[in-house]
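Asker: How does the following fold in three dimensions:
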Amino acid sequence: MKKKQPLTIKEAKLKAADYCAYQERTQQQVRDKLFDLGLHCDEVEDILADLITEGFINEERFAIHYAGGKFRMKKWGKVKISHHLKALKISDYCINRALAEIDDEDYQITLHQLLEKKKSSITGENQYIIGKKIATFLIQKGYEPNLVWTLIRDL
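Answerer: Predicted coordinates:
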């Protein structure tokens with residue numbers, strides 16, 4: 001069996017650019033991909049710098065797309081989105097920018113919709129147990145506990 005020839009820097013940069021063009025990526029995801037391709041640390045960092053300069057990698061843009069998608073599709077709250085972005089090694093600045101892009105009115109509407117949906121699925125319990133189950137559900141979805149409890153008290 002023949003041993004694979006290592007990629008040249010140019011080939012690796014093209015592969016990484018294609019990887020980034022397919023969908024938004026974090027610097028760490030691209031770094032991991034380049035290491036998987038067999039490149040060394042200095043080469044990886046040089047390619048990363050080029051990709052950032054050329055606009056293939058932009059963590060702020062990634063964070064905004066990620067936060068918007070998770071909010072719209074999975075109905076996640078800001079707390080859960082923030083934790084997941086931190087796990088992806090996104091800076092606090094980018095996380096704050098991404099969360100600021102979520103419309104406050106849409107956020108409140110989604111929170112109310114989730115509350116109503118959960119409330120309708122709980123039957124035959126007393127009001128305190130219903131409130132606790134709703135709060136647990138919404139907090140696990142990543143909504144701020146103070147918002148959740150205020151909303152439940154207003155019921």
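Asker: just checking, what's the longest helix in this protein?
Answerer: Of all segments of type helix in the chain, defined using DSSP state H, the longest is helix 104-121.
Asker: Other residues contacting the helix or strand just after that helix?
Answerer: Using DSSP states H and E, the next helix or strand after helix 104-121 towards the C-terminus is helix 127-140. Outside helix 127-140, the residues that touch it by C-beta atoms under 8 Å, 6 or more residues apart in numbering are 77, 111, 114-115, 118-119, 122, 125, 145, 148-149, 152, 155. Heads up, the C-betas are built off the backbone N, CA and C, glycines and all.
Asker: Stretch 78-98 too?
Answerer: The contact list for stretch 78-98, computed with C-beta under 8 Å, 6+ apart, reads 26-29, 59-60, 62-64, 66-68, 70-71, 76, 99, 102, 107, 141-144.
Asker: Could I get the pLDDT score of the residue positioned nearest the centre of the chain?
Answerer: The geometric centre of the chain, computed from its C-alpha atoms, lies nearest to Tyr66 (C-alpha atoms, centre = their mean), at 4.2 Å. Tyr66 is assigned 96 on the pLDDT scale.
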